[in-house]
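> This is the structure alone, sequence omitted:
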């Protein structure tokens, strides 16, 4: 009689959807010059209510190693007020994102309609944490997809 039959080793599991999605979204955001989602979602908390009334973040641009933040204002008066407070705004953003994360802040006058528009990230709430989030192997794919659909609907 022959010995045991040799078979192929078992396949590794599928990659975690959250890791792959975050990597993909980060690449897309970098290509499009999109805003850091944390910055857009927490804008009023970061800069305070007085500066948040004057402006909102539009995008970050990379110039070599330095990053600049472009903010929108409704009119020239708001732009002039913000111009006097640019160093304070930059300090608050750098305190949140890390030292020297933003080297420069630029102002774009967009009118009331542009200022009223919120970024897609500003409406996103932090997802609720539960046991399945702490252990990615706990729970099944259907549960993860349902949570993802619920977040996209909000």
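Here it is on my side, so go on. Being a predicted model, the structure only gives us computed values, none of them experimental.

> Spatially central residue in this protein, please.
The centroid of the chain falls nearest to residue 37 when counting by Cα atoms, centre = their mean (1.5 Å).

> In the protein, mark out all the helices, start to finish.
Residue ranges of the helices in the chain, as given by DSSP state H, are 17-32, 37-41, 43-47, 49-54, 76-84, 86-97, 111-116, 131-134, 141-153.

> Can you name every helix or strand that the second one contacts?
So the one you mean is helix 37-41. Applying 3 or more Cβ pairs under 8 Å, 6 or more residues apart in numbering; DSSP states H and E, we find helix 37-41 packed against strand 55-63, helix 86-97. Just so you know, the C-beta spots here come from the backbone N, C-alpha and C atoms, and that holds for glycine as well.

> Would you mark the buried spots in it?
For helix 37-41, the buried set under the neighbour-count rule, 16 or more other Cβ atoms under 10 Å, comprises 37, 39, 40, 41.

> I'd like the distance between the third one and residue 144.
Same thing as residue 40. For residue 40, the distance to residue 144 equals 25 Å [Cβ to Cβ, to the nearest Å].
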